[in-house]
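Let me see the structure of the following:
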Amino acid sequence: MDTTTADAPLQSRVVDDKSPICIPFILSKLSEYGKANTSNRPFIIGLNGVQGVGKTTLVKALAQTLQEQEGLPTLVISIDDFYLTHADQLDLAAKHPDNQLVQHRGEPGTHDIPLLHSFFTSLLSNSLPLPVPQYDKSAFSGLGDRSLQSQWPVLTSPIKVVILEGWCVGFRALPDPSLIHSKWSDPSSRTLHKHTLDHLLFINSQLRRYDCITNLLDAFIHIDAENTEYVYDWRLQQERQLRQEKGAGAAMTDDQVVKFVDAYYPAYELFSDTVRSGIFGPDKSGRQLRLVVGKDRSVIDHYVI
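Numbers count the residues shown, from 1 in each chain. The predicted model follows:
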């Protein structure tokens, strides 16, 4: 019998029903990888999920299981740690003052892809010791900045598995501008109409630079929502719970939450369909796992692409 009250925080009612699905998938792909490769190159898993779906909790569970039960040294990397420095973000915003999509960190184009690529190049060649970039989202009153390199943790031993997680990991640019126009002109769009077509095309063009990382992935896990707009409710719940625990000044207001999610939502509208259909080509079928969750974040369906 469920004795949880309706007013209890949603997070307290969430049960990890994702890692029991993800772990067998990962181990099967690892086994295939081991049979086909004799090098010491780490196995790279991309993990994508909309904000608030529980990526952080899942990634921790996956890493712990791989390390403690399977004996596989695992490194978790967040794409958030590769945002542009504060100075570079200000420069990007100044160069595109009318494009609200790049005035703050978040959308494709606001990450330091050369740094990310350089890091993975060193990681895959086992060039140790290797400093792991860190980003401080609280710096500059919440605008954020990269932490000083002296504060980065240093990887000193070889890694077998790398998990790269983030809300836009695996996104690929749409190849035809007409596809952007079609989505932009769709009256059912929630946020795209708030931006000019040129600004959306700029984000799409920036996303092509991410392919150098996406193409490195050996497997991909996509935690999708039955309805992407659940992200608004999930973020509202998180912030309301934070206000209850730490006071009003510790969290965003409801209006601020909607504005915050609105800044990310255009990318969901533009690129989610491509992720759902599969980020790998037909020669790499079977390497993507898609989990669909309901509003309570529990898995309602899953399948391999």
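
which residues of the stretch 1-150 of the chain fall in helices?
Assigned by DSSP state H, counting those that start in this stretch, the stretch 1-150 of the chain shows helices spanning 10-13, 19-36, 55-64, 86-95, 113-124.

Select, out of the ones you listed, the one closest to residue 170.
Closest to residue 170 of the helices of the stretch 1-150 of the chain is helix 55-64 (Cβ to Cβ; 12.4 Å). For every residue, glycine as well, the C-beta is placed using N, CA and C.

That closest one packs against which elements?
helix 19-36, strand 43-49, strand 74-78, strand 161-166 (3 or more Cβ pairs under 8 Å, 6 or more residues apart in numbering; DSSP states H and E).

So for residue 48, which of the helices of the stretch 1-150 of the chain sits nearest?
Across these, closest to residue 48 is helix 55-64 (Cβ to Cβ), at 8.1 Å.

and the angle for the closest one with strand 74-78?
Going by axes from the mean of the first three to the mean of the last three Cα atoms, to 10 degrees, helix 55-64 is angled at 160 degrees with respect to strand 74-78.

which residue packs closest to residue 260, ignoring adjacent ones?
Counting by Cβ to Cβ, 6 or more residues apart in numbering, residue 260 lies nearest to residue 252, which is 6.3 Å off, once chain neighbours are set aside.

same thing with residue 253?
Closest residue in space to residue 253, ignoring its immediate chain neighbours: residue 239 at 7.9 Å, by Cβ to Cβ, 6+ apart.

ditto for residue 258
residue 232 is the one closest to residue 258 (Cβ to Cβ, 6+ apart), at 6.4 Å.

quick one: contacts of the helix or strand that contains the one you found?
Using DSSP states H and E, the element containing residue 232 is helix 230-246. The contact list for helix 230-246 (Cβ atoms under 8 Å, 6 or more residues apart in numbering) reads 9-11, 50-53, 225, 250-254, 257-258, 260-261, 265, 268, 295, 297.

Let me know the average pLDDT across that helix.
Average pLDDT, helix 230-246: 90.

quick one, it and strand 43-49 angle?
Using the same axes, to 10 degrees, the direction of helix 230-246 lies 90 degrees away from that of strand 43-49.

Lowest mean pLDDT across the helices of the stretch 1-150 of the chain, which one is that?
helix 10-13 (a mean of 42).

and residue 88, what is it in contact with?
Taking Cβ under 8 Å, 6+ apart as the criterion, residue 88 is in contact with residue 112.

The residue nearest to residue 258: neighbouring residues, count only.
A count of nearby residues for residue 232, using other Cβ atoms under 10 Å, gives 19.

Same check on residue 202?
19.

ok, now residue 195?
Residue 195 is flanked by 17 other residues according to other Cβ under 10 Å.

Go ahead and confirm it touches residue 100.
Yes: taking Cβ atoms under 8 Å as the definition, residue 195 is a contact partner of residue 100 at 6.6 Å.

Grab the nearest non-local neighbour of the most centrally placed residue in the chain.
Nearest to the mean C-alpha position of the chain, by Cα atoms, centre = their mean, lies residue 166 at 1.5 Å. In space, residue 166 comes closest to residue 79 once its chain neighbours are excluded; the distance is 3.3 Å by Cβ to Cβ, 6+ apart.
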